[in-house]
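Asker: structure for this input, please:
(chains A and B)
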Amino acid sequence: MNEIQHKFQLKLAVAASEMLSERVAHIVLTDDRPLPAMRPGQFVQVAVPDGGVLLRRPISIHDISEADNTLHLLVQTVGRGTHSIASVKQGDEMDLVLPLGNGFPDMTEGRVLLTGGGIGTAPLLYLGRRLKANGCEVTFLLGGRTAKDILRREEYEAVARVMTTTEDGSDGERGFVTDHSLLGREQFDAVMVCGPTPMMKAVARWASVPCYVSLENMMACGLGACLCCVQKNHEGHNVCVCTEGPVFNTNELEWK
Amino acid sequence: MTLKTTIGAMEMRNPVMTASGTFGYGVEYADLVPLDRLGAVIVKGTTLKAREGNDYPRMAETASGMLNCVGLQNKGVEHFAEHIYPAIKDIDTQMIVNVSGDSAETYALCAERIDSLEKIPAIELNISCPNVKHGGMAFGTDAKAAAEVVRAVRKAYHKTLIVKLSPNVTDITEIARAAEAEGADAVSLINTLMGMAIDAERRKLCLSIGTGGLSGPAVKPVALRMVYQTSRAVKIPVIGLGGISNATDAIEFMLAGASAIQIGTANFVNPHVGAEVADGIEDYMRRHKIGDIRDLVGALE
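Answerer: Alright, predicted model coming up:
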């Protein structure tokens, strides 16, 4: 986890880009040179192609394929910046700073529940792939408002078993991920979560085992310089989500 | 061709500096820009005692700019001297500390501690932070208060003293003259313009304390005007900043009268911008057959 890792500002080529739903784009990036090593849970800072938007947008690493040297991002359109990023086309060039943040713990054994809601499921694919390769027993529990929010299911299924919840019951069990019957019947050694804050707090309250959450506070630099993305830790101090996180053990946060 | 720039007793390899609060302690950017291409790095605002800063959310993007209300979060000057200084003192550029306080006395005590650090050739006195309740901008918006704090610091600090000015005043030249009269070696301007952002859908203020400092390309014309006015009002060097994003912006500030420039918000957008600006200034000098960067300062036709 703590080996020195260098950061890069790279111009990467868009190998493919498609809308997975009305609001989520799947962007595949590549380069002639091997991409730097990146850890699950780390993120990249993407320069917005629309010149009218100033700051980069932090986007989690959805997947990495070393075999074809690609970096995959899922981008949900929220405002002008993410709309502009989501509209890139194959052959375009994107300017990224990467890899940033600390990532999820690199567990090598045990039963791990990876759960997320909506676009928060994005970093779980690469995470599951890595933990599975490490020797962990992985379960995905993916939540969404409706069936269309369960993104790239086949990719997750190719890694490990997938459970789902939807608020309208159109896919999997009805309700939130914290309502899923799995949570009452099975034991896990660790839980790793990414999604809306109320959902992550609910999972953290349920979890009696180590629980890791990925925060997405607004940030400017992503490098620990601007101090805009701070979160209060358990000692009441402001810490940067970009460098101390984005992944935190919930015991380190002023939560619960 | 020479880009050597002198501010007080401090010599820099070129006039390109990074602005306080946008470049950490330099090391955060070491992978992304060669620090030895910069004239100086001005590190994060430092106070006598540790400060937690304001609550999240601390930033909001606005048209061609951003607001921040970080509020001088730092671990205090003793932590800086003991733990940060050893890690940055050998960086191959001039490392300048931005000093803030809530009274003339705390400014002076903080400056005095920095004075003892051999490899810090200068401080930038921040009398212009809009995001703290006590001190900060209060000293930079009143000529008498500015004079008082600069006088106290000048007694305690013997190296190059830069005073950073607030644009949130009727006449910035009045504050600049007060700083000059009390022995400042240079003034830097502008700090951020006080602003606000509101989220209409949620009917809420975007920043935790409501107001914040506006920076980025949006403030450049205001900064340029103030640099122009101030450089004509004082004899000490003026360091220009406010929305500089490329070499052309930097040259405009120098033509307006700045002896050196600082890059702030643009570091967030393009971490490599400092080196690009230094290269671009050289290229401009070549094209315009300028042998000495000093000949560019105030050289409007």
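
Asker: alpha carbons only for contacts and neighbour counts from here, please
Answerer: Noted.

Asker: would you map the helices across the stretch 1-150 of chain B?
Answerer: Applying DSSP state H, counting those that start in this stretch to the stretch 1-150 of chain B gives helices spanning B:77-79, B:85-88, B:104-115, B:137-140, B:143-156.

Asker: so can I have TSV of these showing mean neighbour count, distance to chain A and mean pLDDT?
Answerer: Output for these, formatted as TSV (neighbours: other CA atoms under 10 Å in any protein chain shown; distance: least, CA to the nearest CA, whole Å; pLDDT from 0 to 100):
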stretch	mean neighbour count	distance to chain A	mean pLDDT
helix B:77-79	19	15	98
helix B:85-88	15	15	98
helix B:104-115	22	21	97
helix B:137-140	25	19	85
helix B:143-156	20	26	96
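
Asker: now those helices in a markdown table, with distance to B:Thr5?
Answerer: Below are those laid out as a markdown table (distance: least, CA to CA, whole Å):
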| stretch | distance to B:Thr5 |
| --- | --- |
| helix B:77-79 | 28 |
| helix B:85-88 | 22 |
| helix B:104-115 | 22 |
| helix B:137-140 | 26 |
| helix B:143-156 | 22 |
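
Asker: of all those, which lies closest to A:Gln90?
Answerer: helix B:85-88 (42.5 Å; CA to CA).

Asker: keeping just the C-alphas, turn the closest one into PDB.
Answerer: This file holds the C-alpha atoms of helix B:85-88, laid out as PDB (Å, rounded to 0.1, in the frame of the first residue of the first chain):
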ATOM      1  CA  TYR B  85      11.200  22.800   6.500                       C
ATOM      2  CA  PRO B  86      13.800  19.900   6.600                       C
ATOM      3  CA  ALA B  87      11.900  18.200   3.700                       C
ATOM      4  CA  ILE B  88      11.800  21.200   1.500                       C
END
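
Asker: how far out from the middle of the chain is it?
Answerer: From the chain centre to the centre of helix B:85-88 is a distance of 20 Å (CA atoms, centre = their mean, to the nearest Å).

Asker: residues in the stretch 51-200 of chain B within reach of chain A, list them.
Answerer: B:52-53, B:55-59, B:61, B:63-65, B:68, B:70, B:73 (CA under 8 Å from any CA of the partner chain).

Asker: filter those to the buried ones?
Answerer: B:52-53, B:55-59, B:61, B:64-65, B:68, B:70, B:73 (16 or more other CA atoms under 10 Å in any protein chain shown).

Asker: neighbours of A:Leu253, how many?
Answerer: Look at A:Leu253: counted by other CA atoms under 10 Å in any protein chain shown, it has 17 neighbours.

Asker: same question for A:Met38.
Answerer: Counted with other CA under 10 Å, A:Met38 comes out at 19.

Asker: do the one 5 residues further on as well
Answerer: Other residues near A:Phe43 number 25, with proximity taken as other CA under 10 Å.

Asker: specify the beta-bridge partners of it.
Answerer: With DSSP bridges as the criterion, A:Phe43 is bridged to A:Ser60, A:Leu100.

Asker: quick one, what contacts it?
Answerer: Applying CA atoms under 8 Å, 6 or more residues apart in numbering or on different chains, we find A:Phe43 in contact with A:58-61, A:98-101.

Asker: can you lay out the residues you listed as CSV showing distance to A:Leu73, neighbour count and pLDDT?
Answerer: Listed next are the contacts of A:Phe43 as CSV, based on distance: CA to CA, whole Å; neighbours: other CA atoms under 10 Å in any protein chain shown; pLDDT from 0 to 100:
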residue, distance to A:Leu73, neighbour count, pLDDT
A:Pro58, 11, 25, 98
A:Ile59, 7, 21, 98
A:Ser60, 7, 29, 98
A:Ile61, 6, 27, 98
A:Leu98, 13, 24, 98
A:Pro99, 13, 24, 98
A:Leu100, 14, 28, 98
A:Gly101, 16, 23, 97
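
Asker: where do the helices sit along the stretch 151-256 of chain A?
Answerer: Under DSSP H, counting those that start in this stretch, the stretch 151-256 of chain A gives helices at A:153-157, A:182-185, A:197-206, A:241-244.

Asker: tell me which of these is the most buried.
Answerer: A comparison of those by mean neighbour count, using mean count of other CA atoms under 10 Å in any protein chain shown, puts helix A:241-244 on top with a mean of 23.

Asker: for stretch B:201-221, buried residues please.
Answerer: B:205-220.

Asker: out of the residues you listed, the closest to A:Met19 would be?
Answerer: Looking across these and measuring by CA to CA, the closest to A:Met19 is B:Cys206, at 30.1 Å.

Asker: tally of neighbours for B:Gly291?
Answerer: 14.

Asker: help me confirm that it comes into contact with B:Ile281.
Answerer: No. If you go by CA atoms under 8 Å, B:Gly291 and B:Ile281 don't touch, sitting 11.7 Å apart.

Asker: of the helices of the stretch 1-150 of chain B, which is nearest A:Val88?
Answerer: Using CA to CA, the helices of the stretch 1-150 of chain B put helix B:85-88 closest to A:Val88, at 39.8 Å.

Asker: which parts of the stretch 101-250 of chain A sit against chain B?
Answerer: So the stretch 101-250 of chain A meets chain B at A:218-231, A:237-238 (CA under 8 Å from any CA).

Asker: can we see that at 7 Å?
Answerer: A:220-221, A:223-228, A:230-231, A:237-238 (CA under 7 Å from any CA of the partner chain).

Asker: show me which of those residues is closest to A:Ala133.
Answerer: Once CA to CA is applied, the member of those that ends up nearest A:Ala133 is A:Leu223, at 29.5 Å.

Asker: next up, the contacts around the nearest residue to B:Thr2 once chain neighbours are set aside.
Answerer: Using CA to CA, 6 or more residues apart in numbering or on different chains and skipping the chain neighbours, the partner closest in space to B:Thr2 is B:Asp292 (5.0 Å). By CA atoms under 7 Å, 6 or more residues apart in numbering or on different chains, the contact list for B:Asp292 reads B:1-3.

Asker: now render those residues as JSON lines, adding pLDDT and distance to A:Gly120.
Answerer: Converted to JSON lines, the contacts of B:Asp292 look like this (pLDDT from 0 to 100; distance: CA to CA, whole Å):
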{"residue": "B:Met1", "pLDDT": "95", "distance to A:Gly120": "54"}
{"residue": "B:Thr2", "pLDDT": "98", "distance to A:Gly120": "52"}
{"residue": "B:Leu3", "pLDDT": "98", "distance to A:Gly120": "49"}
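
Asker: now the buried members of those residues.
Answerer: B:Leu3.

Asker: need the contact list for B:Ile263.
Answerer: B:17-19, B:241, B:244-245, B:274.

Asker: again, 8 Å this time
Answerer: B:16-19, B:241-245, B:274.

Asker: still on that earlier bit, so for A:Val112, which of the helices of the stretch 151-256 of chain A sits nearest?
Answerer: Per CA to CA, nearest to A:Val112 of these: helix A:182-185, 12.1 Å.

Asker: tell me how chain A divides into domains.
Answerer: Segmentation of chain A into domains, based on automatic domain parsing, reads A:8-100, A:111-214.

Asker: show me how far the longest one is from its chain's centre.
Answerer: Pointing back at domain A:111-214 there. 12 Å.

Asker: just the mean pLDDT for that domain, thanks.
Answerer: Per-residue pLDDT values over domain A:111-214 give a mean of 97.

Asker: of the helices of the stretch 1-150 of chain B, which approaches B:Gly257 most closely?
Answerer: helix B:137-140 (21.1 Å).

Asker: burial count for B:Trp235?
Answerer: Heads up, residue B:235 is Lys, not Trp. For B:Lys235, using other CA under 10 Å, the count is 12.

Asker: tell me which residues touch it, please.
Answerer: So B:Lys235 contacts nothing (CA under 8 Å, 6+ apart).
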